[in-house]
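Asker: my questions are about this predicted structure, shown below with the sequence.
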Amino acid sequence: MKIDPVAETDRRRRLERLRTVATWLDDRFQVPGTNIRFGLDGLGGLVPGVGDTATAAVSAWIVFEAWQLGVPRRHLAAMAGNVGIDWLVGLVPLVGDIFDIGFKANRRNIQRILRHFDYWESEAD
């Protein structure tokens with residue numbers, strides 16, 4: 001089977017964009033003096049309801065992009081579950097904020113997409 005170089009370039013570009021968004025949502029910032037990382041998802045949780053829903057919408061976009069890229073349904077279902085759990089637990093004040101920092105639904109979802117396309121890289125861990 002011949003690989004279309006244009007399609008492959010587009011897929012790699014889209015995957016890199018998804019990784020960047022996931023990094024901003026889950027790992028962009030670090031608590032000084034620790035290895036604890038958090039992102040806009042954790043910060044959004046500080047605005048009850050609205051912040052969690054807004055970041056869940058961006059997380060849902062990642063799942064939608066995965067669907068457009070051809071990720072199998074079983075992976076999409078697991079990814080949607082990650083987003084749903086993140087959103088639901090995130091609605092609980094304080095507990096949800098702590099959960100967001102540890103669960104990292106977007107990073108989990110990006111790892112699933114990268115594994116599907118055999119683009120697994122150690123830096124995606």
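Answerer: Received it, and whenever you're ready, just let me know what you need. Numbering: from 1, shown residues only.
Asker: from here on, just use CA atoms for contacts and neighbour counts.
Answerer: Noted.
Asker: how about residues contacting stretch 71-78?
Answerer: 63, 66-67, 112-113, 116 (CA atoms under 8 Å, 6 or more residues apart in numbering).
Asker: out of these, flag the one nearest to residue 93.
Answerer: residue 63 (25.4 Å; CA to CA).
Asker: residue contacts, that closest one?
Answerer: By CA under 8 Å, 6+ apart, the residues touching residue 63 are 76, 79-80, 109.
Asker: make JSON lines from those residues and add secondary structure, neighbour count and pLDDT to it.
Answerer: Compiled in JSON lines, those are given as follows (DSSP: H, G, I helix; E, B strand; the rest coil; neighbours: other CA atoms under 10 Å; pLDDT from 0 to 100):
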{"residue": "76", "secondary structure": "helix", "neighbour count": "20", "pLDDT": "98"}
{"residue": "79", "secondary structure": "helix", "neighbour count": "25", "pLDDT": "98"}
{"residue": "80", "secondary structure": "helix", "neighbour count": "19", "pLDDT": "98"}
{"residue": "109", "secondary structure": "helix", "neighbour count": "26", "pLDDT": "98"}
